[in-house]
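>>> Sequence plus the predicted model coming up.
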Number of protein chains: 2
Amino acid sequence: MKKKTTIHDISKALKINSSTVSRALNNSPRVSQKTKDLIQKKAVELGYQKNILASNLRTNKTNTIGIIVPRISRNFFSSVISGIEETAYRAGYNVVIGQSLESLEREQELVSTLLSNRVDGLLISVSMGTTNYNHLSNFKTNGGPIVFFDRPMTMPNIPSITIDDYEASYNATQHLIENGCKNIVHFSGFQKIELYKRRMQGYVAALTDNNIPVRPEYILESQLSEADGIELAKKVISLPKVDGIYSSNDTAAISAMQYFKKNGLKIPDDIAIVGFNNDSISAVIEPGLTTVNQPDVEMGIIASSLLIELIKKTIESPSEHSKTLGTELIIRQSSQKS
Amino acid sequence: MKKKTTIHDISKALKINSSTVSRALNNSPRVSQKTKDLIQKKAVELGYQKNILASNLRTNKTNTIGIIVPRISRNFFSSVISGIEETAYRAGYNVVIGQSLESLEREQELVSTLLSNRVDGLLISVSMGTTNYNHLSNFKTNGGPIVFFDRPMTMPNIPSITIDDYEASYNATQHLIENGCKNIVHFSGFQKIELYKRRMQGYVAALTDNNIPVRPEYILESQLSEADGIELAKKVISLPKVDGIYSSNDTAAISAMQYFKKNGLKIPDDIAIVGFNNDSISAVIEPGLTTVNQPDVEMGIIASSLLIELIKKTIESPSEHSKTLGTELIIRQSSQKS
């Protein structure tokens, strides 16, 4: 077997002293970027493998951040991740990602994998199936700090970066009412997820503030998938005189919209529609979908900056750093009745 | 500090003997799923943390697979990943994902992170910036087996699961010719990526087989991003008499299509368009985009099954297991001139 490359081999090859090499490989701010680049290039060339076991025992740091999201394929999550990656990378952290696919069991296994990998901290948006946080308490005790984004759990001393779902929903529903809608159906996610509950509450508040009766049969709960959108559209057609839909995501809104169009209904004149997320597809479909734009990249930047500060212990009282970000209603043709 | 939970604590709590507990926590096929579920639930409840360091030293296995892709936000990659996840999960492996964002440097850091995390094997689609494979050789020597998918490198003893890009491109171009196109522009990715080279070659072959001259100014290279699509559309308008476009991805095709529509050009009558990937957006845009459908989920299933066999050492001569998968042209309105 080939002898393993050591820091001293790199030091010799570059004629740079070995403590500088060690610092560079640990991404110390005391080494210039130029020197780091040089050393990292040589390390790769010589096949240097950081002895993470020994290194862990010494410093307990891996310069890696873990992210867990329900689904990487959702535009919203991939945009948050890109905000996280940019911030983390610039601060000298690598990022590994796992997807829970809305299952508590998978989320638990991922948390346990990231804990075993000794990531320095965790950014997580919990799954629809997450009903307890034992796995997260375990990570916090044995691993490192956690920051929630988008879908938090109520857990002591863990900050969360979220949007104002209530306000966003209120504005979306109000916009439909201002465009003449009186019988507005709400496509909701599962109510056990806090954010879907808040979105529903915003919808209800806008109706009641406008003296429009709230009908339980107009609140339709699902996973908001593409297939759900079609089922929801069928239900809407079977309901009397629906003239507007406010959907908790674009995926279900767009899929329903296509079903309505195929069945001869006119958007927005027969049914006006507002979605949530501003997925790129919402600008491409005809008519363009009115939707709530979330500051997704910004959410990633803020959440990861906070996590890095918690890892470095430069701030205290984590929960004081929770933040609620504002949203914007992007008005397109799908909601503007003539 | 709280005393760490051990296998014996779980064993006592459940009255199941500790070797069964150990087997269950290592996902052994010798323990029934029901028992595994029970034990895993209790382990989470008690805050059991597998001592991966000790466990590594003994078995050198983490039951984790690493995936590196250029960008998780691309439909194609997220679909491949979902195929990988399903297969891996059923075989008892967790999956961690990293994105290179088309940069060799980030890819190197990710490989090194996954190596440090002691993942059992690596599935990778290389970045556009990847010009050497030292980091991958290093992983193979010090880590575990590698399987390429979609974008391979030529490396000894590493199998790859790819599609027949040449044939797919040939058929796409032939389809445009059969629909009356004579002046077909090709939106190409960077030619240093093998698959874009093969797609270009398929386009060229279809033209020459039909005695249509190949014009270098009709082959436009870019990263095929949304922004690139607009720039490419502007270039196409400045070229004389273009009547068809074959694009190496849907992203650029759709963005160009929107630009053409805004500028009064009719799709397909003025310009027929064929894309590549069958992103969900291609069925939503009007007219629907004709595009090449790749067996993305299947690619993930095949690549991960192969990797798991290599990890388990149930097969030999890895490179004999490389596979080229077929594709299908999905014909929609964007290419059918009246």
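Now that the structure is in, tell me what you want to look at. Residues are numbered from 1 along each chain as shown, chains lettered A, B, ... in the order given.
>>> The helix or strand encompassing A:I65 - contacts with which helices or strands?
Taking DSSP states H and E as the criterion, A:I65 maps to strand A:64-69. Packing contacts for strand A:64-69, counted by 3 or more CB pairs under 8 Å, 6 or more residues apart in numbering or on different chains; DSSP states H and E, involve helix A:75-90, strand A:94-99, helix A:104-116, strand A:121-124, helix A:296-312. From N, CA and C alone the C-beta is placed, and that goes for glycine too.
>>> could you dump these to a markdown table with mean neighbour count?
As requested, the helices and strands packed on strand A:64-69 are exported to a markdown table (neighbours: other CB atoms under 10 Å in any protein chain shown):
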| stretch | mean neighbour count |
| --- | --- |
| helix A:75-90 | 21 |
| strand A:94-99 | 25 |
| helix A:104-116 | 23 |
| strand A:121-124 | 27 |
| helix A:296-312 | 21 |
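>>> can you redo these as TSV with distance to chain B and mean pLDDT?
Formatted as TSV, the helices and strands packed on strand A:64-69 follow (distance: least, CB to the nearest CB, whole Å; pLDDT from 0 to 100):
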stretch	distance to chain B	mean pLDDT
helix A:75-90	4	94
strand A:94-99	4	95
helix A:104-116	4	93
strand A:121-124	13	98
helix A:296-312	11	96
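>>> Which of those sits closest to A:S19?
helix A:296-312 (21.5 Å; CB to CB).
>>> Dump the C-alpha coordinates for that closest one into CSV.
Extracted in CSV, the C-alpha atoms of helix A:296-312 (Å, rounded to 0.1, in the frame of the first residue of the first chain):
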residue,chain,number,x,y,z
ASP,A,296,-35.8,32.6,-0.8
VAL,A,297,-32.2,33.4,-1.5
GLU,A,298,-32.2,36.0,1.2
MET,A,299,-33.7,33.5,3.7
GLY,A,300,-30.7,31.1,2.9
ILE,A,301,-28.2,33.9,3.4
ILE,A,302,-29.7,35.0,6.7
ALA,A,303,-30.1,31.5,8.1
SER,A,304,-26.6,30.4,7.2
SER,A,305,-25.0,33.6,8.5
LEU,A,306,-26.8,33.0,11.8
LEU,A,307,-25.8,29.4,11.9
ILE,A,308,-22.1,30.3,11.3
GLU,A,309,-22.2,32.8,14.1
LEU,A,310,-23.7,30.2,16.4
ILE,A,311,-21.0,27.7,15.4
LYS,A,312,-18.3,30.3,16.0
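>>> Run through who's touching that helix.
Helix A:296-312 is contacted from outside by A:65, A:76, A:79-88, A:91, A:93, A:120-123, A:144-150, A:159, A:161, A:163, A:315, A:318, A:321, A:323, A:325, using CB atoms under 8 Å, 6 or more residues apart in numbering or on different chains.
>>> What's the separation between A:V31 and A:T5?
Separation of A:V31 from A:T5 (CB to CB, to the nearest Å) stands at 19 Å.
>>> so how far is the helix or strand hosting A:I161 from its chain's centroid?
Per DSSP H and E: A:I161 is located in strand A:160-163. Remark: strand A:160-163 is offset 10 Å from the chain centroid, using CA atoms, centre = their mean, to the nearest Å.
>>> and it, which strands flank it?
According to DSSP bridges, strand A:160-163 forms sheet pairs with strand A:146-149 (parallel), strand A:323-325 (parallel).
>>> Just give me how far the last one sits from the chain centre.
Just to be clear, that refers to strand A:323-325. 14 Å.
>>> that older thread, for the strands paired with strand A:160-163, could you give me CSV that also reports mean neighbour count and mean pLDDT?
Output for the strands paired with strand A:160-163, formatted as CSV (neighbours: other CB atoms under 10 Å in any protein chain shown; pLDDT from 0 to 100):
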stretch, mean neighbour count, mean pLDDT
strand A:146-149, 26, 97
strand A:323-325, 14, 96
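>>> between those, which one is nearest to B:S280?
strand A:146-149 (24.9 Å).
>>> ok, and what's touching the closest one?
A:80, A:121-126, A:136, A:139-140, A:155, A:158-162, A:299-300, A:303-304, A:306-307, A:310, A:318.
>>> Just the C-alphas of that strand, formatted as PDB.
The C-alpha trace of strand A:146-149 is given here as PDB (Å, rounded to 0.1, in the frame of the first residue of the first chain):
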ATOM      1  CA  ILE A 146     -29.500  24.300  14.600                       C
ATOM      2  CA  VAL A 147     -31.300  27.000  12.700                       C
ATOM      3  CA  PHE A 148     -34.800  26.400  11.300                       C
ATOM      4  CA  PHE A 149     -35.900  28.000   8.100                       C
END
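>>> Which strand residues bridge the closest residue to A:I330 other than its chain neighbours?
Using CB to CB, 6 or more residues apart in numbering or on different chains and skipping the chain neighbours, the partner closest in space to A:I330 is A:N293 (5.0 Å). Note on A:N293: beta-bridge partners by DSSP bridges are A:E328.
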